[in-house]
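Participant: Dropping a prediction and its sequence here:
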Amino acid sequence: MAEVTNHRKLRMGMVGGGKDAFIGEVHRIAASMDGLIELVCGAFSSDPDKSRDSGRSLLLSDDRIYGSFREMIQSESQLPPDERMDFVSIVTPNNVHFEPAMMALDHGFHVVLEKPMAFNLDEARQLQRKVTETGRKLLLTHTYVGYPMVKEARNLVRDGKLGKIRKIYVEYPQGWLSRAAEGNKQAAWRTDPNQSGQSGCMGDIGTHALHLAEYISGLRATRLCASLQTFVEGRQLEDDGSVLLQFDNGASGVLMASQIAAGEENALKIRVYGEQGGIEWNQQEPNTLLVKWLDKPAQVYRASGSYLSAEATAFCRTPGGHPEGYLEAFANLYRSFVWSLQPWRKGGVQYDFPGVDDGVRGMAFLDCLLKSNAGTEKWTEFVF
């Protein structure tokens with residue numbers, strides 16, 4: 001089951017993502033966009049009745065709708081190879097990532113997993129070992145690296161066009177948790193340490209910011225200095241934070257993540273500066289990449305431009321001027337994941353998606369910044 005050797009759609013199962021769930025529907029739309037994947041089964045809720053209702057609303061047959069992920073993985077593994085799911089997409093709160101992912105890998109299934117990858121660093125490292133042991137693949141949905149212009153930014157850095165990287169600024173402000181969000185299911189679990197884990201804002205969106213900075217720059221953070229705050233009274237996890245970063249080539253950086261930036265929607269933005277120039281990308285204007293030069297006028301790169309690298313062009317989906325956004329970027333991750341499982345796809349532009357090592361690094365980042373925030377030393381070593 002490591003590769004799909006015949007030309008067909010991959011069969012997907014889903015854990016979580018039932019009625020009224022936000023991210024489950026996003027996954028289903030993204031997975032279906034290229035016609036390469038079909039949803040064949042699911043355990044959509046810990047409530048068997050809700051799971052059944054959710055599955056029926058997706059037109060699944062009753063015998064492929066399960067009351068628990070344990071029942072689903074066990075039952076699917078007993079089906080003939082030409083019927084069982086090929087992989088499972090896990091779209092649950094953080095505290096229900098580890099067990100279904102481990103069980104799926106143990107039963108021979110590939111895994112798509114929401115981030116952060118696990119509830120804590122120990123779980124993440126166990127998943128890393130299990131992926132190595134089983135030879136199965138794991139996609140971690142750091143969505144933003146699916147955008148074509150993010151890939152173009154990385155290509156410019158990798159080709160040395162900006163010179164040695166010196167400075168990275170990455171910010172991710174949201175405002176949706178500026179007040180106590182009573183009755184909001186998404187807010188409830190993200191601010192509950194029993195479901196979200198040891199970190200709130202940084203676990204939810206700060207890990208995205210770090211991953212994006214390291215993905216584009218090709219660098220790795222080695223030390224950090226963190227300051228975390230909780231502004232909403234009674235909230236148990238941080239809702240705002242700032243981090244100074246040092247990278248392995250000597251570059252410095254600043255990372256800011258906040259969910260109490262009133263009036264902001266999803267304003268992820270990154271700037272990377274080298275000796276000869278810099279780039280700027282804003283997720284709310286994703287088709288545009290600003291390229292700024294030390295000794296010549298700035299340039300505006302646009303998605304679908306004929307001047308883009310093959311890596312970026314391969315993930316552009318619409319003609320120039322037509323908006324591409326979050327769902328398309330998400331679909332690019334799924335498409336790369338599928339390509340990695342189909343041997344006839346090899347060659348040309350290589351598949352590219354975040355995996356289990358990225359997940360461990362994200363959990364190590366959370367451990368390190370919490371240690372820094374609680375300590376008195378200026379710098380805390382980022383141990384990975």
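Facilitator: Structure's in. What do you need? These numbers were taken from a predicted model, which means no experiment stands behind them.
Participant: quick one: secondary structure of Asp82?
Facilitator: Three-state call for Asp82 (DSSP: H, G, I helix; E, B strand; the rest coil): coil.
Participant: Count the residues that sit near it.
Facilitator: 8 (other Cβ atoms under 10 Å). No exception for glycine: its C-beta is placed from N, CA and C like everyone else's.
Participant: So it versus Gly135, what's the distance?
Facilitator: The spacing between Asp82 and Gly135, counted by Cβ to Cβ, to the nearest Å, is 21 Å.
Participant: same deal with Ala262?
Facilitator: Relative to Gly135, Ala262 is positioned 47 Å away (Cβ to Cβ).
Participant: Quick check, pLDDT for Arg8.
Facilitator: You'll see Arg8 listed with a pLDDT of 87.
Participant: element containing the residue of the chain positioned farthest from its centre?
Facilitator: Most distant residue from the mean C-alpha position of the chain: Asp295, 36.0 Å away (Cα atoms, centre = their mean). When elements are assigned from DSSP states H and E, Asp295 belongs to no helix and no strand.
Participant: cool, and the one 10 residues further on?
Facilitator: No secondary structure element spans Gly305, as it lies outside all helices and strands (assigned by DSSP H and E).
Participant: which SS state does the nearest residue to it once chain neighbours are set aside fall under?
Facilitator: Nearest residue to Gly305, sequence neighbours excluded (Cβ to Cβ, 6 or more residues apart in numbering): Gly320, at 6.7 Å. At Gly320, secondary structure determined by three-state DSSP is coil.
Participant: Pretty sure Gly320 sits against Tyr301.
Facilitator: No - Gly320 lies out of contact with Tyr301 (Cβ atoms under 8 Å); the separation is 11.3 Å.
Participant: low-scoring stretches of the chain, by residue?
Facilitator: 1-5, 344-350 (pLDDT under 70).
Participant: what's the domain layout of it?
Facilitator: 10-143, 149-318+357-374 (automatic domain parsing).
Participant: Let's have those in a markdown table, adding distance to Glu324.
Facilitator: Shown next, in a markdown table, are the domains of the chain (distance: least, Cβ to Cβ, whole Å):
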| stretch | distance to Glu324 |
| --- | --- |
| domain 10-143 | 11 |
| domain 149-318+357-374 | 6 |
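Participant: now for those domains, which one comes closest to Leu327?
Facilitator: domain 10-143 (5.7 Å; Cβ to Cβ).
Participant: Ignoring the adjacent residues along the chain, who's closest to Tyr301?
Facilitator: Leu289 (4.2 Å).
Participant: burial of that neighbour, as a residue count?
Facilitator: That count, for Leu289 with other Cβ under 10 Å as the rule, works out to 26.
Participant: With neighbour numbers in mind, choose between Gly320 and Tyr301.
Facilitator: Per other Cβ under 10 Å, whichever of Gly320 and Tyr301 has more neighbours is Tyr301, with 20 against 11.
Participant: Distance from stretch 235-251 to the middle of the chain?
Facilitator: 18 Å (Cα atoms, centre = their mean, to the nearest Å).
Participant: what about it, how long is it end to end?
Facilitator: 35 Å (Cα to Cα, to the nearest Å).
Participant: Same question for stretch 138-157.
Facilitator: 26 Å.
Participant: Fine, thanks again, bye for now.
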